[in-house]
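>>> The sequence and its predicted three-dimensional model are supplied below.
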Amino acid sequence: MKRTTLLTSALAALLLMLGVAAAQQSGGTLRAAWAPNPVSLDPHVTSARASYQVFENVIDTLVELDEDLNIVPSLAHSWDVSDDGLVWTFYLRENATFGNGRPMTAEDVLYSHERLTDPETGSGNAYLLDNVESMEVIDDYTIEYTLNLPSGTFLSNLSKNKSVGIIARESVEDGTIGSMPLGTGPFVITDFEPGVSIMLERNEDYWQEGLPYLDAIEIRIILDDSVRRTALISGDVDWVISLPPQDVEDLMDNDDVVVDTVPAGGYWYIGLNLEREPFSDERVRQAIAYAINRENITAAATFGLGEPTQDPIPSTSPWAYNYAPFEQDIERAQALMVEAGYPDGFEMQIMPTTEYGESIRAAQVIQADLAQIGIQTDIFSPEWAQWLEEQGDGNYDTYVCSWNGLTDPDDFYFAQHRTGEVFNFTGYSNPSVDELLDEGRRESDQEVRYEIYEQVNQMIVDDAPYIYLYNLAEVNAYQPYVQGYNTRADQVIRFTYTWLDR
Amino acid sequence: MTLNYFLRRLATLLLVLFGVSVVAFSIIQLIPGDPARVVLGTQASPEGIAAVRARLGLDQPLVTQYVNWVGGILRGDFGQSLITGQSITRSVTRRLVPTLVLALAALLVGLLIAIPFGTLSALKPGGRRDTAASIFSQIGVSIPDFWMGIMLIFVFSESLRWMPSSGFAPITAGVGPFLRHLLLPALTAGLISGSIMTRFVRSAMLDVLQGDYVRTARAKGVRERSVLLKHVFRNATIPIVTIVGLQMATLLSRVVVVEIVFAWPGLGRLALESTLQRDYPVLQATVLLTATIFALMNLITDLSYVLLDPSVEYA
């Protein structure tokens, strides 16, 4: 029997409080500039990072990740696991209250997780609970999950993102779930003007005593990179979600603003359509992997902020493998092309999107690199809605995209690469990888898991359905008087402990 | 007579709007992309897409969707956003005010430029003032508005810090903040509009200045000031009003770019966002509303001729 206690959470809270300087001041409104546009605010339906980043301040999960990416209690103050690893019992805190003043109980947890997994909802995150066989409310503050197999990832799935968060059924019933979902978080959404602004006000009944410090957060959606930068420099906003990459270095030398950057749990990659010739041939994929210069791509796409990589997990993660078999080698690439029967190369299309300028800049370097081995690349960059459709329908040769907010190795490999999984867009299938991925999910000894995923990582990188380009950096910037805020590797944006020193 | 004319114009207007509704509804369906995929993002399974499409009613035949939509509008209900579930009537009315404010302010800026410049250059065609005005208007027409906006932000917000760089403040937030937020966007849209109108005002004034009655007035010794005010300006109002009407209508679409640069919460940005998100009913509502304003502007322009020129009569 394993049981974490209140002590852990108290300790975590204490450490966080020590992290910020002594006398926090309560009150004030933080003016935050956001981008891209958080499209839908229904936590069970959207998968947009910009929406999750809003939910971080509004919705709580049973367990969550702290700044060092350890799983810590949140709405559940403690939990038990049965000896066979199948029954998980969560004990909920009794003082959590929704933004409308109604106390949260186990029924709300059941409701939220049933809605998430209901096929009618259509959630792309339902998979997070797909090994749950049944859920049962034991009493108002106890809920039990029975799994069909022991799981090494269940707890981490419950902290993954706010799609597993607990919401009040009232916001579903009155139709405001897509714009003002009600959670138990430190803030409540009081107004949402899509594409313009989101107002968050303090949840007066928040379960953490004395928090949050801020009265309100005024989120302004400013899509243009340079306008957002100017808004920060001219003092129109207190905090910005990102900066134009070309300006980051300059602003780091500017004492009037704080540029807060960390390597993030995410990566950019080229996805290859394995259901099409010639990408079905692994020699062709490897030739592409050898032909590209990741340093140049990273420099062009991120102005040096990213870190070139050949496998997905960033070198700063405890799960890093740093497997790198594909240093640029044009001769080797050419030899592979000859071997595969394409001595004169071929024509192909690469699909970045106008939604992310860096994907287009990366594609331009890739185009030049591939020309060296005779591959004529045509860059097709549709806007986001069309990109989603073309990519979702498998109507592409190659595309450039990213995965974000990943922490556990299962996040990096399973949904993208296991045979037939919904996010396996490339059509990759390797039975040995599948077997190891399943094993990694069942295993709860994290050292054994490290070794399992090491093999997975090697196989996937060698098979090259994805060609990894670089790990990204998360950059937030703010005024020096914004205190108690830290940019996080999991790209979570949380203002619970933030206060204004002025 | 005039009432009859008015009713006929109104009937034509309704017919035009019906046409607009059909076109707006059908053209949008031709753009590749699917709102269900936009809602779900990259994590969309085929089953998920089907479930969301069914919930949004997108699995129904297009004709049914059209009839439902128009039926709603006739009851005064534009429906809900496919993406956020919010009331479209509310979104559109919230966005209409900032756009009208911006377009009117830009028109005002434009007229403050066009009338003096156009008049001065018409008085002595080919003279120094005329050349200066035509260089100005040539530059104004050539500058892209997004660039102009960014330059104004750079100078007045970032360097001088006189104005906020973006956003909108309603008049209820105070006249000071309202004007400070409005000035840069209004200048951006207004300078270009002014450059275009300068040319129209110039040619309208030139036409009138060459009229026989102006020569007569001058010949009988009327002072130049009176000639201009009583004879020239009055007669030039009709072409100028026409331009103003047209400019107001084009400004409503031109401000889209300005709204984006200045993060101005107007109708143009709503149209752009709903296009990018394939939020069909929101886009349809903005198109229909803009078309209505456009048609009304034309109607008002035409009707104002009667007031301005007694010799105009509608039959």
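Yes, it's here. Numbers count the residues shown, from 1 in each chain, chains lettered A, B, ... in the order given.
>>> mind listing what residue 303 touches?
Chain wasn't specified; assuming chain A. Counting by CB atoms under 8 Å, 6 or more residues apart in numbering or on different chains, A:F303 makes contact with A:245-246, A:248-249. For every residue, glycine as well, the C-beta is placed using N, CA and C.
>>> wrong one, I was asking about chain B
B:F6.
>>> what's the spacing between the residue of the stretch 51-200 of chain B at minimum distance from chain A and A:D501?
Nearest to chain A, among the residues of the stretch 51-200 of chain B, is B:A51, at 3.4 Å (CB to the nearest CB). Counting by CB to CB, to the nearest Å, the gap from B:A51 to A:D501 is 48 Å.
>>> who has more neighbours, these two?
Neighbour comparison, B:A51 and A:D501: the larger count goes to B:A51, with 20 against 15 (by other CB atoms under 10 Å in any protein chain shown).
>>> Neighbours of the nearest residue to the more buried one once chain neighbours are set aside, how many?
Take B:A51 and drop its neighbours on the chain: the residue closest to it by CB to CB, 6 or more residues apart in numbering or on different chains is A:G122, 3.4 Å away. A:G122: 24 surrounding residues under other CB under 10 Å.
>>> For chain B, what's its nearest residue on the stretch 1-150 of chain A.
Closest point on the stretch 1-150 of chain A to chain B, by CB to the nearest CB, is A:G124, at 2.8 Å.
>>> For that residue, list the residues it contacts.
Taking CB under 8 Å, 6+ apart, one finds A:47, A:422-423, B:40-45, B:48 in contact with A:G124.
>>> what stretches of the chain score poorly on pLDDT?
Let's take chain A. Within chain A, the segments meeting pLDDT under 70 span A:1-22.
>>> I was thinking of chain B, sorry if that wasn't clear
Using pLDDT under 70, chain B drops low at B:1, B:312-315.
>>> For chain A, what's its nearest residue on it.
Counting by CB to the nearest CB, chain B gets nearest chain A through B:Q43, at 2.8 Å.
>>> ok, now how distant is that residue from A:E173?
From B:Q43 to A:E173 the distance is 25 Å (CB to CB).
>>> In terms of neighbours, single out the busier of those two.
B:Q43 (19 against 9).
>>> isn't that one right up against A:S47?
Yes - B:Q43 is within contact range of A:S47, at 3.7 Å (criterion: CB atoms under 8 Å).
>>> Find residues that contact each of those two.
Contacts common to B:Q43 and A:S47, judged by CB under 8 Å, 6+ apart, are A:124-125.
>>> Enumerate the residues of the stretch 1-150 of chain B near chain A.
Contact residues, the stretch 1-150 of chain B versus chain A (CB under 8 Å from any CB of the partner chain): B:31-52, B:55, B:80-81, B:83-86, B:91, B:94, B:150.
>>> Narrow the residues you listed to those that are buried.
The neighbour count (16 or more other CB atoms under 10 Å in any protein chain shown) marks B:33-45, B:48-49, B:51-52, B:55, B:80-81, B:83-86, B:91, B:94, B:150 as buried among the residues of the stretch 1-150 of chain B next to chain A.
>>> Which of those residues fall in helices?
B:35-40, B:48-49, B:51-52, B:55, B:91, B:94, B:150 (DSSP state H).
>>> ok, is the host helix or strand of A:L200 in contact with chain B or not?
Take DSSP states H and E as the rule and A:L200 turns out to sit in strand A:197-202. Yes - using CB under 8 Å from any CB, strand A:197-202 comes into contact with chain B via A:S197.
>>> Any idea which residue is closest to the centre of chain A?
A:G405 (2.0 Å; CA atoms, centre = their mean).
>>> Next, the contact list for that one, please.
A:49, A:52, A:161, A:265-266, A:490-492.
>>> Please repeat the previous calculation with a cut-off of 6 Å.
The contact partners of A:G405, by CB atoms under 6 Å, 6 or more residues apart in numbering or on different chains, come to A:490-491.
>>> Assign it to helix, strand or coil.
At A:G405 the chain is in coil, as set by DSSP: H, G, I helix; E, B strand; the rest coil.
>>> Equivalent analysis for the one 10 residues further on, please.
Classification of A:A415 by three-state DSSP places it in helix.
>>> and what of A:A287?
A:A287 is classified as helix under three-state DSSP.
>>> Surely it touches A:E331?
No - A:A287 is not in contact with A:E331 according to CB atoms under 6 Å; the separation is 10.9 Å.
>>> Neighbour count for the two, which is higher?
A:A287 (29 against 9).
>>> Contact partners for that one?
A:333, A:336-337.
>>> circling back: does anything pack onto the strand holding A:L200? Which helices or strands?
strand A:187-193, strand A:216-221 (3 or more CB pairs under 6 Å, 6 or more residues apart in numbering or on different chains; DSSP states H and E).
>>> Just put those in JSON lines and tack on distance to chain B and mean neighbour count.
Listed next are the helices and strands packed on strand A:197-202 as JSON lines, based on distance: least, CB to the nearest CB, whole Å; neighbours: other CB atoms under 10 Å in any protein chain shown:
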{"stretch": "strand A:187-193", "distance to chain B": "6", "mean neighbour count": "20"}
{"stretch": "strand A:216-221", "distance to chain B": "6", "mean neighbour count": "22"}
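>>> closest one to B:L246 among those?
Across the helices and strands packed on strand A:197-202, B:L246 has its closest neighbour in strand A:187-193 (30.8 Å, CB to CB).
>>> The closest one vs strand A:216-221, what angle?
For strand A:187-193 against strand A:216-221, the angle by axes from the mean of the first three to the mean of the last three CA atoms, to 10 degrees is 40 degrees.
>>> Tell me the helices and strands packed up against strand A:187-193.
Using 3+ CB pairs under 6 Å, 6+ apart, strand A:187-193 is in contact with strand A:197-202.
>>> Can I get the strand it packs on as CSV, trimmed to CA atoms?
Presented in CSV, the C-alpha positions along strand A:197-202 are these (Å, rounded to 0.1, in the frame of the first residue of the first chain):
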residue,chain,number,x,y,z
SER,A,197,-9.9,39.1,-24.4
ILE,A,198,-10.6,36.8,-21.4
MET,A,199,-11.2,38.2,-18.0
LEU,A,200,-10.3,36.1,-15.0
GLU,A,201,-11.3,37.1,-11.5
ARG,A,202,-10.2,35.7,-8.1
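>>> partners of that strand, with directions?
In the sheet, strand A:197-202 lines up against strand A:187-193 (antiparallel), strand A:216-221 (antiparallel) (DSSP bridges).
>>> Which residues outside it are in contact with it?
A:57, A:187-192, A:215-217, A:219-220.
>>> Could you measure from the nearest residue to A:I360 once chain neighbours are set aside over to A:Q455?
Among residues not flanking A:I360 along the chain, A:P352 sits closest, at 4.6 Å (CB to CB, 6+ apart). With the distance defined as CB to CB, A:P352 ends up 31 Å from A:Q455.
>>> what does chain A have sitting close to chain B?
A:39-40, A:45, A:47-48, A:120, A:122, A:124, A:175, A:178-179, A:194-196, A:222, A:227, A:230-231, A:233-234, A:236, A:385-386, A:388-389, A:392, A:422 (CB under 6 Å from any CB of the partner chain).
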